[in-house]
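Participant: Task: produce atomic coordinates for the following.
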Amino acid sequence: MPREDRTRKICVVMPAYNAEKTLERTWRDLPMEWVDDVVVVDDASRDRTVEVARSLGLHTLVHPRNRGYGGNQKTCYREALARGADIVVMVHPDHQYDPRTIPELVTPLLRDQCDAVFGSRMLGGRPLEGGMPKWKYLANIFLTAVANATFYTFLSEYHSGLRAYSRRYLETVNLERNSDDFVFDTEIIAQGVFAGLRIQEIPIQTRYFPEASQIGFRRSVRYGFAVLGVLARYKMQTKGLLRSRIFEAVPAAEAHLKPSSR
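Facilitator: As a prediction, this is how the structure comes out:
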């Protein structure tokens, strides 16, 4: 549904950190007939990421100090909503995820079939052939199985970095209560499931190469335990055993902008 055939504004957000070598390649792969706005948030990169983004004419925000992957996403989503986005697509500027799948990603949202769409490397088939480390593949399967058992739902993957959210989703969940670290990605899903929001998936493939950002084994282990902690908090919240701040409603004074008329 190209621009002339739709009424809702689609904004691509790029949480960037040291993406100088890959940002332009990622931007050039965007199907611009499906994209109305692009926002880059630089998380205190030590290279020329900001210069590259601005040379491409992209709307660019800069964190004076590193706020972490989750903190970067918070800024991305706040800015996209403030600029009138109805659908927000997160695309990593490291060129690991193929942004040419954006039409498939946003179509279910344009048709009001769901509130979020995630790209799944597992549905895409053969993630190991794409270069995913075997230990990361096995950890993904394990954490996904635990999450499905916790949420009483089924997704083939919960850890993809290619996602599209409706304005309704981002205005419903309490983003500011979430971590500034990588576990943000699991918290925002837990919040959506808790609120009864609908999530779909599409198959994607990924690239693994030296310039693509990845976290190492030790940090991945910490991430895995953090994910299990989120799932435990969700379960205790639903059982009434513990109240977690991430599931608190968004205060009226902090509510995001009303949906744009576009």
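Participant: number of nearby residues for the closest residue to residue 193 other than its chain neighbours?
Facilitator: Among residues not flanking residue 193 along the chain, residue 151 sits closest, at 4.8 Å (CB to CB, 6 or more residues apart in numbering). Heads up, the C-betas are built off the backbone N, CA and C, glycines and all. Using other CB atoms under 10 Å, residue 151 is surrounded by 20 other residues.
Participant: do residue 80 as well
Facilitator: 29.
Participant: Please apply the same query to residue 134.
Facilitator: Here the count is done by other CB under 10 Å, and residue 134 has 9 residues near it.
Participant: helix, strand or coil for the residue lying closest to it once chain neighbours are set aside?
Facilitator: Spatial nearest neighbour of residue 134, chain neighbours left out: residue 128 (6.4 Å); criterion: CB to CB, 6+ apart. Classification of residue 128 by DSSP: H, G, I helix; E, B strand; the rest coil places it in coil.
Participant: Number the residues from 54 up from this point.
Facilitator: That works, and once the first residue is 54, the last one we named lands at residue 181.
Participant: For residue 181, give me the pLDDT.
Facilitator: Here the pLDDT value assigned to residue 181 is 71.
Participant: thought it was touching residue 190?
Facilitator: Yes: in this structure residue 181 lies within contact range of residue 190 using CB atoms under 8 Å: 5.8 Å.
Participant: circling back: phi, psi of the residue nearest to residue 246?
Facilitator: phi -90, psi -10 (degrees, to the nearest 10).
Participant: State the distance from it to residue 164.
Facilitator: 24 Å (CB to CB, to the nearest Å).
Participant: quick one: secondary structure of the spatially closest residue to residue 228 that is not a sequence neighbour?
Facilitator: Nearest residue to residue 228, sequence neighbours excluded (CB to CB, 6+ apart): residue 127, at 5.4 Å. Three-state assignment for residue 127 (three-state DSSP): helix.
Participant: again, but for residue 137
Facilitator: Once three-state DSSP is applied, residue 137 turns out coil.
Participant: Can I get the top helix by length along the chain in PDB? Just the C-alpha atoms.
Facilitator: For the chain, the helix reaching the highest residue count under DSSP state H is reported as helix 270-292. The C-alpha trace of helix 270-292 is given here as PDB (Å, rounded to 0.1, in the frame of the first residue of the first chain):
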ATOM      1  CA  PHE A 270      28.500 -14.400  25.100                       C
ATOM      2  CA  ARG A 271      28.800 -13.100  28.600                       C
ATOM      3  CA  ARG A 272      26.400 -10.200  28.000                       C
ATOM      4  CA  SER A 273      24.000 -12.600  26.300                       C
ATOM      5  CA  VAL A 274      24.000 -14.800  29.400                       C
ATOM      6  CA  ARG A 275      23.100 -11.700  31.500                       C
ATOM      7  CA  TYR A 276      20.400 -10.800  29.000                       C
ATOM      8  CA  GLY A 277      19.000 -14.400  29.200                       C
ATOM      9  CA  PHE A 278      18.600 -14.200  33.000                       C
ATOM     10  CA  ALA A 279      17.100 -10.700  32.700                       C
ATOM     11  CA  VAL A 280      14.500 -12.100  30.200                       C
ATOM     12  CA  LEU A 281      13.600 -14.900  32.700                       C
ATOM     13  CA  GLY A 282      13.200 -12.200  35.400                       C
ATOM     14  CA  VAL A 283      10.700 -10.300  33.200                       C
ATOM     15  CA  LEU A 284       8.700 -13.500  32.600                       C
ATOM     16  CA  ALA A 285       8.700 -14.200  36.400                       C
ATOM     17  CA  ARG A 286       7.500 -10.700  37.100                       C
ATOM     18  CA  TYR A 287       4.700 -11.100  34.500                       C
ATOM     19  CA  LYS A 288       3.600 -14.300  36.000                       C
ATOM     20  CA  MET A 289       3.500 -12.900  39.500                       C
ATOM     21  CA  GLN A 290       1.700  -9.800  38.300                       C
ATOM     22  CA  THR A 291      -1.100 -11.900  36.600                       C
ATOM     23  CA  LYS A 292      -1.400 -14.100  39.700                       C
END
